[in-house]
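Visitor: Based on what follows, work out the 3D shape:
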Amino acid sequence: MSDSTNVLAPGRTQGERVVKESLCQKVLDHAGKGRVVVTQFASNLHRLASVKAAADAAGRQICFIGTSLNTYLEAAYRDGRAPISPSELLKPEQLKHTDPNNVLIVTTGSQAEPRAQLSLASRSASQNLKISPQDLILYSAKVIPGNETKVAQMLNSLAMQGARVVAGRSDNLHVSGHAYQDELEEVLRYVKPQHFLPVHGEYSFLVEHARLARERAGVLFTEVIKNGQMLGVHERRNRNTISTGSMAAATIKQQQAAEQEQEAADAGSGIAVIGEVDLLRLFNDGGKGTGTAAEVAMEERETLAFEGIVVVAVDVIRPKQLGPSASWSASGTAGTGMGLTCRARLTTRGMWTDQGKLLDVLHRAVQSAVSKLPADASLGQVERAVMDACMKAARWFNNRKPEVIVVAYEHDPRAGAMVDAATRRREQAARQSAGVAAAAAGPTRPTGSAAAQAVAAVRNQHQQLQQPQQPRPPAREQQPQQQQQAAPAVQQQDQLQRPVRRIAAGTVQPGSSSRASTSSPPLRPPVRRTRRSIGAQPPPLQVLPDDARIPTMHDNPRANPPADAADTDLSYG
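Guide: Numbering: from 1, shown residues only. Below is the predicted model of the structure:
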């Protein structure tokens, strides 16, 4: 694998010595004229060594302004490779007390990062770096592709403040640390790889690097992959292996090796894409948190930044006839035929309002949307209608799709309570109608939904429990023999209904007869129970027969052994 950043640049790169000499010359020429400000990549320790040499030659003290510069310098100092000792640096707070002719400032922001110090200074927003007309700014870096516009704007702002900016390629203030074409070719000829994979660069750079390896370095097998793709590589036979036997045997072995190489080439190059992984892009939210685009709400932030935001507060006013005496139609609207009115308060941010004309358009859209709603419309319906109306009005006015936030509330809470109660009654009536329709269709006929099935099952059980019961004799022995031989279905229904009547009448007592008396109080209506799982059938009620014998603790020898057989003096009662 090899770096492809400068694969389009012909020739070879220059050494750091050229930059060192140029920096020393520029700093010496500015002696007695003011401060010198140098911007560079914070991780370039070799450039810091060149800046140190220029500062020593001109007798200036070095001051770092930028957190990343101090971070890299401390790491290099712990590793023993720091070109400058952190104790020799001038603190930013001491700049205003130091002669500008004796100061050399190294700062961050060579790529015009919004929060970097040089970028902030170009907007007069930095607390530690204030640009003056006597400053000399040396741009000792390369503009990364894609940052050209931002860097040019930053340098223009610095020049407008009166500072002299030196950033030309002919000034030799920067040399690349990435190899050029001749150096890339030289590395490939030295290594002689079986397979080659270009990395680090735009996709067009990778393709050009692969072509250079094939045409100029003689590499047979190359591959270009995208981010997330997995590459499979296996070792190939070395063509340069020479046999130590006779010439004839060597010739035969060379022919066999050539045939094997041809077969391998026909089968595959030995390097191929074997899969792909979905990469997860993470965002850093100002150093306070890291997450995905959904977690840090990137889509909403882009909408707020480019489309704007509309915030609406709607005071919903119900008609005065809406009350206990108001009649309601089948659709849920008041019998008076009056709709809703409202008083709306709204504001916008990040949008062109054309001197308030947008606000008037939004007000009319909100009033029109609310007036079309029925008198018993819920607050949720009001908010959705107002949101749609505001989005359409903004799209018509300035071709924007802003983020709309609507908060609706009742002008009279009593009217809102009446609407909620009426809504609940309609929903309950709708459920009962669905249950009646399901019961009429029959218990075995499939209903329209799981909820209707559950309602039908409950109604069937309720109707069975409310059927009038026939009086029974007090004892089973006095019944005729033909009644004891009743149908199994009748006995099962009798067993299902018997416990309910006992519990309702309150006649089940310890030691009493298992048959209900004919003089029992009237049965209470059963309590309707609801099940959490809609659509599930209620389990059948299982009742033991009257003559069933339930073992007690005294009849279980394992749980309650006789006291005389135990080895302890405990007694079991």
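Visitor: Look up the closest residue to residue 223, ignoring the ones flanking it.
Guide: Closest residue to residue 223 apart from its sequence neighbours, by Cβ to Cβ, 6 or more residues apart in numbering: residue 271 at 5.0 Å. In this view, the C-beta of every residue, glycine as well, is placed from N, C-alpha and C.
Visitor: Counting neighbours, which bits of the longest helix along the chain end up buried?
Guide: Of all segments of type helix in the chain, defined using DSSP state H, the longest is helix 413-441. By 16 or more other Cβ atoms under 10 Å, the buried positions in helix 413-441 come out as 415-416, 418-419, 422, 434-435, 438-439.
Visitor: Which strands or helices does it pack on?
Guide: On a contact count with 3 or more Cβ pairs under 8 Å, 6 or more residues apart in numbering; DSSP states H and E, helix 413-441 meets helix 450-465.
Visitor: Let me see the mean pLDDT of the helix it packs on.
Guide: Mean pLDDT, helix 450-465: 62.
Visitor: Now for residue 367: which residues touch it?
Guide: 341-342, 344 (Cβ atoms under 8 Å, 6 or more residues apart in numbering).
Visitor: closest to residue 276 among these?
Guide: residue 344 (51.4 Å; Cβ to Cβ).
Visitor: Next, that closest one: phi, psi?
Guide: Main-chain dihedrals, residue 344, degrees, to the nearest 10: phi -110, psi 140.
Visitor: Can you get me a residue count around it?
Guide: The number of residues packed near residue 344 is 21, by other Cβ atoms under 10 Å.
Visitor: Verify the stated contact: it with residue 317.
Guide: No. With contact defined as Cβ atoms under 8 Å, residue 344 does not count as touching residue 317 (10.9 Å).
Visitor: which residue packs closest to residue 289, ignoring adjacent ones?
Guide: residue 296 (7.2 Å).
Visitor: just checking, that neighbour is part of a strand?
Guide: No. Using DSSP: H, G, I helix; E, B strand; the rest coil, the assignment for residue 296 is coil, not a strand.
Visitor: Would you mind stating the distance between it and residue 67?
Guide: Applying Cβ to Cβ, to the nearest Å, the value for residue 296 to residue 67 is 22 Å.
Visitor: ditto for residue 346
Guide: 42 Å.
Visitor: Can you pick out the residue with more neighbours from these two?
Guide: Comparing residue 346 with residue 67 by other Cβ under 10 Å, the one with more neighbours is residue 346, at 20 against 13.
Visitor: That one bridge partners, please.
Guide: residue 312 (DSSP bridges).
Visitor: Quick check: it vs residue 36, distance?
Guide: 54 Å.
Visitor: what's the answer for residue 14, then?
Guide: Taking Cβ to Cβ, one finds residue 14 at 22 Å from residue 36.
Visitor: And residue 303, by the same measure?
Guide: Taking Cβ to Cβ, one finds residue 303 at 45 Å from residue 36.
Visitor: Neighbour count for these two, which is higher?
Guide: residue 36 (25 against 17).
Visitor: quick one, what contacts the more buried one?
Guide: Contact analysis of residue 36 by Cβ under 8 Å, 6+ apart lists 26-27, 30, 58, 60, 103-105, 135-136, 138.
Visitor: try 6 Å
Guide: Listed by Cβ atoms under 6 Å, 6 or more residues apart in numbering, the contact set of residue 36 reads 27, 30, 104, 136.
Visitor: dump the residue contacts of the first one.
Guide: Put plainly, it is residue 27. Residue 27 neighbours (Cβ under 6 Å, 6+ apart): 36, 54, 58.
Visitor: Now name the helix or strand holding it.
Guide: helix 16-29 (DSSP states H and E).
Visitor: Could you list the buried residues of that helix?
Guide: So helix 16-29, judged by 16+ other Cβ under 10 Å, has buried residues 16, 19-20, 22-24, 26-27.
Visitor: Report the mean per-residue pLDDT for it.
Guide: Per-residue scores along helix 16-29 average to 94.
Visitor: Based on its surroundings, how many neighbours for residue 97?
Guide: By other Cβ under 10 Å, neighbour count at residue 97 equals 7.
Visitor: Likewise for residue 89?
Guide: Residue 89 has 17 nearby residues by other Cβ under 10 Å.
Visitor: quick one: it and residue 66, what's the gap?
Guide: For residue 89, the distance to residue 66 (Cβ to Cβ) stands at 12 Å.
Visitor: Residue 99 too?
Guide: 22 Å.
Visitor: of those two, who's got more company?
Guide: When residue 99 and residue 66 are compared for neighbours, residue 66 comes out ahead with 21 against 10, by other Cβ under 10 Å.
Visitor: so what's that one closest to, chain neighbours aside?
Guide: residue 108 (3.3 Å).
Visitor: And residue 557, what's its pLDDT?
Guide: Reported pLDDT for residue 557: 51.
Visitor: err, residue 401, not the other one
Guide: 92.
Visitor: From here on, call the first residue 20.
Guide: Right, with 20 as the first residue, what we last looked at is residue 420.
Visitor: List the residues that contact it.
Guide: By Cβ under 6 Å, 6+ apart, the neighbours of residue 420 are residue 326.
Visitor: give me that answer again for 10 Å
Guide: Contact analysis of residue 420 by Cβ atoms under 10 Å, 6 or more residues apart in numbering lists 322, 325-327, 410-411, 413-414.
Visitor: Quick one: buried ones out of these?
Guide: For these, buried by 16+ other Cβ under 10 Å: 322, 326-327, 410, 413.
Visitor: Closest one of the residues you listed to residue 102?
Guide: Using Cβ to Cβ, these come closest to residue 102 at residue 322, 47.2 Å.
Visitor: any idea how far residue 422 is from the closest one?
Guide: Distance from residue 322 to residue 422, by Cβ to Cβ: 5 Å.
Visitor: Common neighbours of the two, please.
Guide: 328, 369.
Visitor: who touches stretch 220-235?
Guide: So stretch 220-235 is contacted by 21-27, 164-165, 197, 200-201, 203-204, 206-208, 212, 214-219, 238-246 (Cβ under 10 Å, 6+ apart).
Visitor: Skip the chain neighbours and tell me the closest residue to residue 113.
Guide: Closest to residue 113 by Cβ to Cβ, 6+ apart is residue 82, at 7.7 Å.
Visitor: contacting residues around the one you found?
Guide: Here residue 82 is in contact with 54, 56, 74, 108-114, 117, 122-126, 147-148 (Cβ under 10 Å, 6+ apart).
Visitor: and it, what helix or strand is that in?
Guide: With DSSP H and E as criterion, residue 82 is part of strand 80-84.
Visitor: Tell me which residues are up against the helix or strand following that strand.
Guide: Counting by DSSP H and E, the next helix or strand C-terminal to strand 80-84 is helix 86-97. By Cβ under 10 Å, 6+ apart, the residues outside helix 86-97 that reach it are 59-64, 67, 83, 85, 100-106, 108, 125-127, 132, 134-136.
Visitor: Can you tell me which of those residues are classed as buried?
Guide: The neighbour-count test (16+ other Cβ under 10 Å) marks 59-61, 63-64, 67, 83, 85, 101-103, 108, 125-127, 132, 135-136 as buried among those.
Visitor: Restricted to strands, list those.
Guide: Cross-referencing the buried ones among the contacts of helix 86-97 against strands under DSSP state E gives 83, 125-126.
Visitor: In CSV, list these along with pLDDT and distance to residue 169.
Guide: Below are these laid out as CSV (pLDDT from 0 to 100; distance: Cβ to Cβ, whole Å):
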residue, pLDDT, distance to residue 169
83, 95, 23
125, 96, 21
126, 96, 16
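Visitor: Any chance of JSON lines for the residues you listed, columns distance to residue 192?
Guide: Below are those laid out as JSON lines (distance: Cβ to Cβ, whole Å):
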{"residue": "83", "distance to residue 192": "19"}
{"residue": "125", "distance to residue 192": "13"}
{"residue": "126", "distance to residue 192": "15"}
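Visitor: Can you tell me which of these is nearest residue 376?
Guide: For those, the nearest to residue 376 is residue 126 (46.0 Å; Cβ to Cβ).
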